[in-house]
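J.: Kindly generate the corresponding structure for this input.
(one chain, ligands or ions: 1)
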Amino acid sequence: MIDADVPEFVAGLGLPGLTDLHVHFLPDTVQAKVWEFFDRASVEYGTEWPIHYRLPAAERLAVLRDLGVVTFAPLVYPHKPGMAAWLNEWVREFAAATPEAVPTATFFPEPGAGEYLAEALSAGARCVKSHVQVGAYDPRDPLLDTVWGQLAEARVPVVIHCGHGPVPGKFTGLDVFEDVLRRHPRLIAVLAHAGAPEFDLALDLVDRHPGVHLDTTMVGVPFNGADERLPADWTARLAANADRVALGTDFPSIPYEYATQLRAIAGWAAADDRLGDAFLRAVLWDTPRRLLGLDSA
Ligand SMILES: [Zn+2]
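T.: You can find the predicted model right below:
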C-alpha cells in the first residue's frame, strides 16, 4: 500500500475515512525550527530523519484530504515556559479555520497553567498534548496537579509522549507517568508511540488503568528498526485490548509515506485471527472518535 491506495483500503473496510489522533500543525516559525532539529537528527537521534511531507501548510492539509483523513487532532507542544498559552490560541484559530481539525491544547508546568488550560477546555478543546521528552519536565510537578485534575474531570484525553524513545529525556519513563495515573485515576491518557520502546510496560498500564490507551504513532514501521522491537506477544496483547488503540501518525514530520503506518497496523490485524478488519475499524475510526468525543448523541 502506498498513499495513493489509502482511500481504497479505507473504503474496503467500510469506513467513511480515517481519524488520526496524532498529527502536528504548528505556527510556521515553530514548524521550521522543529524541521531544523530533524535535519540534525543524525547528531540528536543517531539516525537520518528526512521529513517526507516538508510542504507549506495548505499542501499538507491537501495531502491529508487526499488520504481520506476526515478528522485529526493537530497537536502543539511547548519546549519552554511562556509558550503554551500562545500555542493554544494559535491552534484554536487553526482548528476554527480547518474543518477536519478538532481544537486541541497543551500546557507546561508554570504558574497560570491551570487557568489557560481551563480556558482552552471551555473553548472546546477535545484533546491535549503533553510532551515530557521535548518539554523536559516532570509530569508529577505540583504545578501540574490542577491540570491533570481538570483533564480527569472533563474526560478530555491527554496524548502524552512519556516514553524513552527516540532518546530518553530527564523525566521520561512510564513508571514516572504511572505516579500521575495513580493520583488521577479518572484521567484518560493516550500513550504516544505506544510508550516506545517500553511496549510491555505500556500494555501493563493499559491493563492496570481503565483510562489508558495507546496510539500507533511510528509503531512497527520499517524505520530505524522500529518493526523489530515489538514484543513477541504484541498482537495477542492487542487482541485483549482491541478497543484501547487509536490511530496516530506524527504526520507531517515522518521519514516515510503516511501509508507506511497503515501497512504496519494492517500487518498486526492480519497476523492474529482475533484482530482482523474489526480491529482496523476500531483503530482507524471508532476508538479515536470516541476519545475525541465525536459522533456521540
Ligand atoms: Zn508527535
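J.: quick check, Val159 in a strand?
T.: Yes. Under DSSP: H, G, I helix; E, B strand; the rest coil, Val159 sits within a strand.
J.: doesn't Leu214 make contact with it?
T.: No. Counting by CB atoms under 8 Å, Leu214 is not a contact partner of Val159; they are 10.5 Å apart. Where you see a C-beta, it was placed from the backbone N, CA and C, and this is true even at glycine.
J.: if I look at the two, which residues touch both of them?
T.: Val190 (CB atoms under 8 Å, 6 or more residues apart in numbering).
J.: in the least confident helix or strand in the chain by mean pLDDT, what's buried?
T.: Each helix and strand of the chain was given a mean pLDDT (mean pLDDT, DSSP states H and E); the minimum falls on helix 41-44 at a mean of 87. Neighbour counts over helix 41-44 (16 or more other CB atoms under 10 Å) mark Ala41 as buried.
J.: what does stretch 271-290 give?
T.: For stretch 271-290, by 16+ other CB under 10 Å, it's 272, 275, 279-290.
J.: then that stretch to PDB, C-alphas only?
T.: Output of stretch 271-290 as PDB, limited to C-alpha atoms (Å, rounded to 0.1, in the frame of the first residue of the first chain):
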ATOM      1  CA  ALA A 271      -1.300 -11.700  12.000                       C
ATOM      2  CA  ASP A 272      -3.900 -12.600  14.600                       C
ATOM      3  CA  ASP A 273      -7.400 -14.100  13.900                       C
ATOM      4  CA  ARG A 274      -8.800 -12.200  16.900                       C
ATOM      5  CA  LEU A 275      -7.900  -8.800  15.200                       C
ATOM      6  CA  GLY A 276      -8.700  -8.700  11.500                       C
ATOM      7  CA  ASP A 277     -10.900  -6.000  10.000                       C
ATOM      8  CA  ALA A 278     -12.800  -5.300  13.200                       C
ATOM      9  CA  PHE A 279      -9.600  -4.200  14.900                       C
ATOM     10  CA  LEU A 280      -8.700  -2.000  11.900                       C
ATOM     11  CA  ARG A 281     -12.100  -0.300  12.100                       C
ATOM     12  CA  ALA A 282     -11.700   0.300  15.800                       C
ATOM     13  CA  VAL A 283      -8.100   1.700  15.500                       C
ATOM     14  CA  LEU A 284      -8.700   3.800  12.400                       C
ATOM     15  CA  TRP A 285     -12.200   5.200  13.400                       C
ATOM     16  CA  ASP A 286     -14.200   4.100  16.400                       C
ATOM     17  CA  THR A 287     -11.600   4.500  19.200                       C
ATOM     18  CA  PRO A 288     -10.100   7.800  18.100                       C
ATOM     19  CA  ARG A 289     -13.600   9.200  17.600                       C
ATOM     20  CA  ARG A 290     -14.700   8.000  21.000                       C
END
